[in-house]
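K.L.:
quick check, what structure comes out for this input:
(2 chains)
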Amino acid sequence: MNRYDVVIVGAGPAGLSAAIEAAKNGMKVVVFDENSKPGGQLFKQIHKFFGSKEHKAKIRGFKIGEELLKEAYDLGVEVVLNAIVLSLHGEKELTVKVNDEVRHVKGDAVIIATGASENMVTFRGWTLPGVIGAGAAQTMMNLNKVRPGNKILMLGSGNVGLVVSFQLMQAGCEVVGLVDAAPRIGGYGVHAAKVARTGVPFYLSHTIVEAEGTDHVTGVTIAQVDEKFQFIPETEKHFDVDTICLAVGLSPMSQLLKNAGCKIVEDPKRGGVVPEVDELGMTSIPGVFAAGDVSGIEEASSAMIEGRISGAAVSEYLGYITKEELEEKIKVNEAALDSLRQGMFAPKNRGKLVEKTDEGIDVSMNLLKKGFVADEEIERFPGVTHRVGIHPVMECTQNIPCNPCQEACKKGCISIGSNITSLPIVVENSSCINCGMCVASCSGQAIFLVDEDLGDGMATVTLPYEFIPLPKEGTKGKGLGRDGKPVCEAEVVSVKNMKAFDKTNLLTIKVPKEYAMKARFFKAV
Amino acid sequence: MDESRRIKEHPIFGITEEKKEVHFTYDGKDIVGLEGEPIAAALRAAGVMVHRHTKKRDEPRGIFCAIGRCTDCVMIVDGKPNIRTCVTPLVEGMEVKTQYGVSDRPAG
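P.N.:
Numbers count the residues shown, from 1 in each chain, chains lettered A, B, ... in the order given. This is a model prediction of the structure:
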């Protein structure tokens, strides 16, 4: 039997972060993961993360995965792949199947960071090939570089559904619509808005009636539902699709903890059946900790911090650091975690309709129902101002924990303040130099640089663009509104891409000046 | 090789790195895939949707979770049934067959 100071199950963001922290404190650490590659779901995340610098904001998920892995290996953490943990029992003993061999290992402490699995939903035809999980779509396109389908309907408007829809388009797939039985979009408005402005329609209070096809999906029918989620007759809509993608939530994978005899509770606010844990993540079995989605569904950013906390906690538990050192580490990490758990999407607000921002501004109902802020709503947000010459327009309308824009502007044009969920404001008397860093740094792709009047009846709008083919200077086309519908003629006058933009291209389009505050996307014709 | 489903270029990843091609058979048909990719990825790239038929109702099934959890994508690989094609790397010369129940031919 192999012995370790700490055995960690799961090499995702929580497990790796825990391993790094424990190894830094001098512990002998092993991490088991059932997959052939480490990193959990991080390597499928190609969008820029939210949060602030300490949460690795504006770095793309897969890059964060690479950084974590490198750090873990540099610290001598042993990562065993293709390793399925069969059981956790007794005095923190585990049986692990590595390839075809079963090993027994023992840890003085154990951290379970097994993450979550995707939920599914049933409807007629749901077992047909072509109905896939959103995670499967990400795996196929972002890891295997194979398009899961050509024409796709997405069910679920949480962050996963929104982000994966955008990624499907980046991979060259057509998304015919985004459907959710709920009356309101579940994920961040900025994620919805970047999908909506490309022209993808949202169908809220709708769900799937049937997946059609004999041996694989050839179409789908959706229909509207009432408040009790019953279909409303004669509201059916049909789409020709070859793929239906399900993004209907995640459930903690707490089975291992349950089998080990940890106290388990059902907690909807944490996403399902989860272990009872103390503030450091220790379960009812002393020395057995849980970190990340397994103890409550959140973002990967939170999972990394929870991992660090549990890594520090086991270090103190086994005497590798003092109680004072632990308290110091907890203070820093708790503050980081706390800042992520504020705002409209805080765990305590799950399922609630938040009607006003922290600033007392009415939330855009259009954003919640259709995926975009209506032209008549946008002016009431503090990031949207008018001035002579080029200036940033920040269409950030919900209190989400994110602030890279504030730091991106070296001229001090943008301010969020110390509360990272506050809406960004344009600082008076500051001068924008058109560098574009704010546009590229906004993880929500919600910042535009606008020159409302060039003096010849025209205006320019600079927008983030992460699709191929990348339009060239001189390309003529249409300016699309926030709803994705063509609103005016547009011509690309500049395309900027710098290393610091990290693959977010800045497209500047020239439009008639009355469309300066309306055109938010470009489509070549 | 039918290339239409393969992503050759991506706005974030850039040009897809070339990998070694390998030949394998799917129900006796010669197919080209990429070495080390999951069998399921090679099949999807080749346009194959149905991986197996269920035992009781003979219903078609294909990829669902793509991370080895749901077992919907199992097939007979080199004579062994119940192989999760979404997490099993493709190797030159593999024999991949549609699985019917746990057999390699339709019932009756």
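K.L.:
for residue B:70, see how far away the closest residue to residue A:370 other than its chain neighbours is.
P.N.:
Closest residue to residue A:370 apart from its sequence neighbours, by Cβ to Cβ, 6 or more residues apart in numbering or on different chains: residue A:202 at 5.4 Å. C-beta here means a position set from N, CA and C on the backbone, and glycine is covered the same way. Going from residue A:202 to residue B:70 by Cβ to Cβ, to the nearest Å gives 28 Å.
K.L.:
those two: who's more crowded?
P.N.:
residue A:202 (23 against 20; other Cβ atoms under 10 Å in any protein chain shown).
K.L.:
just to check, the more buried one is in contact with residue A:185?
P.N.:
Yes. Assessed by Cβ atoms under 8 Å, residue A:202 is found in contact with residue A:185 at 6.9 Å.
K.L.:
got any residues that touch both of those two?
P.N.:
Common neighbours of residue A:202 and residue A:185 (criterion: Cβ atoms under 8 Å, 6 or more residues apart in numbering or on different chains): A:157, A:192, A:369, A:371.
K.L.:
just the buried ones from these?
P.N.:
A:157, A:192, A:371 (16 or more other Cβ atoms under 10 Å in any protein chain shown).
K.L.:
can you add pLDDT and distance to residue A:324 and give the residues you listed back as JSON lines?
P.N.:
Shown next, in JSON lines, are these (pLDDT from 0 to 100; distance: Cβ to Cβ, whole Å):
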{"residue": "A:157", "pLDDT": "98", "distance to residue A:324": "46"}
{"residue": "A:192", "pLDDT": "98", "distance to residue A:324": "45"}
{"residue": "A:371", "pLDDT": "98", "distance to residue A:324": "49"}
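K.L.:
so which of those residues belong to helices?
P.N.:
residue A:192 (DSSP state H).
K.L.:
okay, the buried ones among the shared contacts of residue A:202 and residue A:185 in a markdown table with distance to residue A:470 next?
P.N.:
What follows is those, written out as a markdown table (distance: Cβ to Cβ, whole Å):
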| residue | distance to residue A:470 |
| --- | --- |
| A:157 | 28 |
| A:192 | 24 |
| A:371 | 24 |
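K.L.:
distance to chain B added to the buried ones among the shared contacts of residue A:202 and residue A:185, as JSON lines?
P.N.:
Converted to JSON lines, those look like this (distance: Cβ to the nearest Cβ, whole Å):
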{"residue": "A:157", "distance to chain B": "21"}
{"residue": "A:192", "distance to chain B": "20"}
{"residue": "A:371", "distance to chain B": "21"}
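K.L.:
return the member of the buried ones among the shared contacts of residue A:202 and residue A:185 nearest to residue B:33.
P.N.:
Nearest to residue B:33 among these: residue A:157, at 34.8 Å, using Cβ to Cβ.
K.L.:
in chain B, what residue lies closest to chain A?
P.N.:
Nearest to chain A in chain B, going by Cβ to the nearest Cβ, is residue B:62, at a distance of 2.7 Å.
K.L.:
how about the helices in the stretch 301-450 of chain A?
P.N.:
Using DSSP state H, counting those that start in this stretch, the helices of the stretch 301-450 of chain A run over A:323-340, A:365-370, A:375-378, A:404-408, A:437-441.
K.L.:
deepest of those, which one?
P.N.:
Mean neighbour count (mean count of other Cβ atoms under 10 Å in any protein chain shown) peaks for helix A:437-441 among those, with a mean of 25.
K.L.:
CA-only coordinates of it, as CSV, when you get a sec.
P.N.:
Extracted C-alpha coordinates of helix A:437-441, given in CSV (Å, rounded to 0.1, in the frame of the first residue of the first chain):
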residue,chain,number,x,y,z
MET,A,437,-7.6,47.3,-24.2
CYS,A,438,-11.0,47.6,-22.5
VAL,A,439,-12.8,46.0,-25.4
ALA,A,440,-10.5,43.0,-25.5
SER,A,441,-10.3,42.6,-21.7
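K.L.:
excluding chain neighbours, give the residue nearest to residue A:24 in space.
P.N.:
For residue A:24, ignoring the flanking residues on the chain, the nearest one in space by Cβ to Cβ, 6+ apart is residue A:75 at 6.2 Å.
K.L.:
for the one you found, give me the pLDDT.
P.N.:
At residue A:75, the pLDDT value in this model is 97.
K.L.:
next up, the contacts around the residue positioned nearest the centre of chain B.
P.N.:
Taking Cα atoms, centre = their mean as the criterion, residue B:40 is the residue nearest the geometric centre of chain B, at 3.0 Å. Residues in contact with residue B:40, defined by Cβ under 8 Å, 6+ apart, are B:51, B:63, B:66, B:73, B:85, B:86.
K.L.:
the second one against residue B:52, yeah?
P.N.:
Right, residue B:63. No. Between residue B:63 and residue B:52 there is no contact under Cβ under 8 Å: 10.9 Å.
K.L.:
if we can go back for a sec, turn the helices of the stretch 301-450 of chain A into JSON lines, columns for mean pLDDT.
P.N.:
Shown next, in JSON lines, are these (pLDDT from 0 to 100):
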{"stretch": "helix A:323-340", "mean pLDDT": "94"}
{"stretch": "helix A:365-370", "mean pLDDT": "97"}
{"stretch": "helix A:375-378", "mean pLDDT": "97"}
{"stretch": "helix A:404-408", "mean pLDDT": "95"}
{"stretch": "helix A:437-441", "mean pLDDT": "98"}
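K.L.:
export those as TSV, with columns for distance to residue A:58.
P.N.:
TSV is the format used below for the helices of the stretch 301-450 of chain A (distance: least, Cβ to Cβ, whole Å):
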stretch	distance to residue A:58
helix A:323-340	15
helix A:365-370	22
helix A:375-378	23
helix A:404-408	4
helix A:437-441	5
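K.L.:
and chain A, what are its domain boundaries?
P.N.:
Using automatic domain parsing, the domains assigned to chain A come out as A:2-117+A:250-340, A:120-246, A:373-524.
K.L.:
need those domains in TSV with distance to residue B:90, can you?
P.N.:
Formatted as TSV, these follow (distance: least, Cβ to Cβ, whole Å):
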stretch	distance to residue B:90
domain A:2-117+A:250-340	12
domain A:120-246	11
domain A:373-524	27
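K.L.:
residue B:8 is nearest to which of these?
P.N.:
Here domain A:120-246 is closest among these (Cβ to Cβ), at 8.4 Å.
K.L.:
excluding its backbone neighbours, what's nearest the residue of chain B closest to chain A?
P.N.:
Closest residue in space to residue B:62, ignoring its immediate chain neighbours: residue A:129 at 2.7 Å, by Cβ to Cβ, 6+ apart.
K.L.:
wait, is that neighbour part of a strand?
P.N.:
No. Using DSSP: H, G, I helix; E, B strand; the rest coil, the assignment for residue A:129 is coil, not a strand.
K.L.:
tell me the mean pLDDT for stretch B:91-108?
P.N.:
Rounded mean pLDDT across stretch B:91-108 is 90.
K.L.:
contact partners of it?
P.N.:
Stretch B:91-108 has contacts (Cβ under 8 Å, 6+ apart) with B:22-27, B:35, B:39, B:43, B:50-55, B:58, B:74-79, B:81-82, B:85.
K.L.:
which single residue in chain A comes nearest to chain B?
P.N.:
With Cβ to the nearest Cβ as the measure, residue A:129 is the residue of chain A nearest to chain B, at 2.7 Å.
K.L.:
that residue: what's it in contact with?
P.N.:
A:215, A:216, A:217, B:49, B:50, B:51, B:60, B:61, B:62, B:63.
K.L.:
for chain B, what spans make up the helices?
P.N.:
Under DSSP H, chain B gives helices at B:39-45.
K.L.:
where in it is pLDDT low?
P.N.:
Within chain B, the stretches with pLDDT under 70 are B:1-3, B:108.
K.L.:
which parts of it sit against chain A?
P.N.:
Taking Cβ under 8 Å from any Cβ of the partner chain as the criterion, the neighbours of chain A within chain B are B:5-7, B:9-13, B:16, B:37-38, B:41, B:44-45, B:49-51, B:59-69, B:72, B:86-87, B:89.
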